[in-house]
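A.B. asks: Quick one, structure for this:
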Amino acid sequence: MNMRKGSYKAAVLVLLFTAVCGGAQAQRKFLYNDTALHRFYALLRQADSQVVSILHLGDSHVQAGFLPAAVATPLKAQFGNAGPGWVFPYNLAGTNGPDGYRWSSNIRWEAERVVERGNSFMESPAGMLIRTSHSAPVLTFSSKPAMPLRSATCFYKGPAVEVNGAGIIAGEDAAAVEKMAGATVGETSGPFTENQARIEWDTAITTFTLRWPGAVMFYGAVLANGEPGILYHGIGVNGAQFAHYNKPGNAVAAQMKALAPQLVILSLGTNEAFGGVSAAQLRQEMETTVAAIRQNAPEACLLFTTPPSGMMKKRQVPYRKKGSRRVYYRTTYARNPQVAVIREAMVQYCKENGFAWWDLYQAMPQDKRFACAWSGDRVHFNAYGYTLQGTLLYEALEAGYSAFNH
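C.D. replies: Numbers count the residues shown, from 1 in each chain. Okay, the predicted model is just below:
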C-alpha cells in the first residue's frame, strides 16, 4: 500500500488538532516493563553529544514509512536529528517505500525480497536487494525535500564502487582512501558483506551517484548529517514474518552489524496471524531473532509491539440499487481471532524474558480515533492511522523517559 504525501500531511494536521483529547494521554500505560529500556533512556540523556541509533523492524506496516516517521520525527525534535538513517531504492525494486527520497538509475534492476518463495538466503539488512549484471550500472540518490547529508555508508556486493557527488570520484583500489573535491571516500571490507563504501563530504550535499564497473547487488545505505542526535532506521518488508528475517544469511544479524542499534523496535505478528502460524511457532522464531540480536548487538534494548487487531473478509452480500438491474456486493468483515493468540504469545514471551512491549492491540479499542484509521482492506491503515500509531508509540516512550528522569 502506497500513501501520497498529501494524505500524510493531512493526517499529521488531524493529529495535531486531536492531541488535546485525553486519548493520547491514556495510551501511555500500554508500554509495559519499560525498565528494560533504562539503558536506552540513559543514552537519550547523551544524545546532545552523540548519535543514538534506533532500528524499527517490521512488515508492511513499517515499509510504507508513515509509522516509523511518526515515531522518529518527535524523537528527533526532542533529542536532535542525526540524519535520515537507513535508505533503500524501493522504487527501483518495484515496491512502495517512504516519500522522503528517491533513487534513479540508467538501467532496470532485478529485485529480491526475503519473503519470496524459493529465496532461502538473505544477508541484506533491508530484507531485500536489487541486482544487475549490467557492465556499468549507476544509482543516484536524491532527497526530497532536500536533506543535508555529510556521510553515506553504502552496502553492496560487487566490484569497487565509484562515487560521484559534487564532482567527487573515488578510485578503483578497494583499500584506497582519497580526498577529492572536498570529500573523503573509503572503500573497505564490510562487517557483514564483501564490500561497503564510506563517503564523507566536507560540505553538505543532497544527492550523490554510485557507479560500478560490472555486476553488483545493492543492499541500501545509511545516511547521516554529521550531527549528534537520533538516527532512526525504518526497515519493513511487505508480508514479512519473524521467520523470514531468520532465514540463512540472517538479515537480523546483518542489521545489527551494519546499524549498531541501541534500541530495536520489533513490529511483527500481523502476517503470522493471517498466515496460520501457531503460538509455539511464533515463540520459536522470536527466540531465533532475539538470539541474533544478542549475538551481534549485545547492548541493544528490545521493544516488541503487538500487532493491530486486523479484520478479515467474512462474506459478500449481494444487493441491487433501487431501479437498477445491476447486482452489487457489500463486503462484511470480522475480527481475525488468531491475532489475539499471536498477541498473547508475544506478551507472554516478553514477560518471561524481561523484554519491554507496547500493546497496540490493547490500545486500539480504547481510542475512538482508530475508527477512521483503517484502509479499505481492514488489515492495513491509512496515513492517518499509521501516524496515529507512531504518535502514540512516541508518547509512550517519552512518558517512560520522563519517569526515568524523575
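A.B. asks: So residue 224 versus residue 218, what's the distance?
C.D. replies: When C-beta to C-beta, to the nearest Å is the yardstick, residue 224 and residue 218 sit 19 Å from each other. For glycine as for every other residue, the C-beta is placed from the backbone atoms N, C-alpha and C.
A.B. asks: give me the element residue 289 is part of.
C.D. replies: For residue 289, the host element (DSSP states H and E) is helix 279-296.
A.B. asks: which strands and helices sit next to the helix or strand just after that helix?
C.D. replies: Going down the chain from helix 279-296, the next helix or strand is strand 301-305, by DSSP H and E. Contact here means 3 or more C-beta pairs under 8 Å, 6 or more residues apart in numbering; DSSP states H and E; on that basis strand 301-305 packs against strand 263-267, helix 337-353, strand 356-358.
A.B. asks: Let's test this: mean pLDDT of strand 301-305, rounded?
C.D. replies: Averaged across strand 301-305, pLDDT comes to 98.
A.B. asks: and that strand with helix 279-296, angle?
C.D. replies: 150 degrees (axes from the mean of the first three to the mean of the last three C-alpha atoms, to 10 degrees).
A.B. asks: Only C-alpha atoms, please: export strand 301-305 in CSV.
C.D. replies: In CSV, the C-alpha atoms belonging to strand 301-305 read as follows (Å, rounded to 0.1, in the frame of the first residue of the first chain):
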residue,chain,number,x,y,z
CYS,A,301,17.5,-2.8,24.2
LEU,A,302,14.5,-4.6,22.7
LEU,A,303,10.9,-3.3,22.4
PHE,A,304,8.2,-5.5,20.9
THR,A,305,4.9,-4.0,19.7
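A.B. asks: Compute the inter-axis angle for that strand and helix 337-353.
C.D. replies: For strand 301-305 and helix 337-353, the angle between their directions (the same axes, to 10 degrees) works out to 160 degrees.
A.B. asks: Please name the strands paired to strand 301-305 in the sheet, noting orientation.
C.D. replies: In the sheet, strand 301-305 lines up against strand 263-267 (parallel), strand 356-358 (parallel) (DSSP bridges).
A.B. asks: Check which element follows the first one along the chain.
C.D. replies: Next along the chain after strand 263-267, taking DSSP H and E as the criterion, comes helix 270-274.
A.B. asks: Quick one: mean pLDDT over that following helix.
C.D. replies: Rounded to a whole number, the mean pLDDT of helix 270-274 is 96.
A.B. asks: Which strands and helices lie in contact with it?
C.D. replies: helix 337-353.
A.B. asks: Counting neighbours, which bits of the helix it packs on end up buried?
C.D. replies: Buried residues in helix 337-353, defined by neighbour count with 16 or more other C-beta atoms under 10 Å: 338-339, 341-343, 345-347, 349-350.
A.B. asks: now swap in stretch 200-213 and tell me
C.D. replies: Of the residues in stretch 200-213, those scored as buried under the neighbour-count criterion (16+ other C-beta under 10 Å) are 200-201, 205-212.
A.B. asks: Restricting to C-alpha, output it in PDB.
C.D. replies: Below are the C-alpha coordinates for stretch 200-213, written out as PDB (Å, rounded to 0.1, in the frame of the first residue of the first chain):
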ATOM      1  CA  GLU A 200      32.200  11.800   3.800                       C
ATOM      2  CA  TRP A 201      31.700  15.300   2.500                       C
ATOM      3  CA  ASP A 202      33.300  18.500   3.900                       C
ATOM      4  CA  THR A 203      30.200  20.400   2.900                       C
ATOM      5  CA  ALA A 204      26.600  19.200   3.000                       C
ATOM      6  CA  ILE A 205      25.200  17.600  -0.200                       C
ATOM      7  CA  THR A 206      21.700  16.400  -1.100                       C
ATOM      8  CA  THR A 207      22.400  14.000  -3.900                       C
ATOM      9  CA  PHE A 208      25.100  11.500  -4.900                       C
ATOM     10  CA  THR A 209      25.700   8.900  -7.600                       C
ATOM     11  CA  LEU A 210      27.200   5.400  -7.300                       C
ATOM     12  CA  ARG A 211      28.800   3.600 -10.300                       C
ATOM     13  CA  TRP A 212      30.200   0.100 -10.600                       C
ATOM     14  CA  PRO A 213      32.300  -1.400 -13.400                       C
END
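A.B. asks: how far does that stretch sit from the chain's center?
C.D. replies: A distance of 23 Å separates the centroid of the chain from that of stretch 200-213, by C-alpha atoms, centre = their mean, to the nearest Å.
A.B. asks: I'd say residue 345 and residue 283 touch.
C.D. replies: Yes. Using C-beta atoms under 8 Å, residue 345 is in contact with residue 283, at 5.9 Å.
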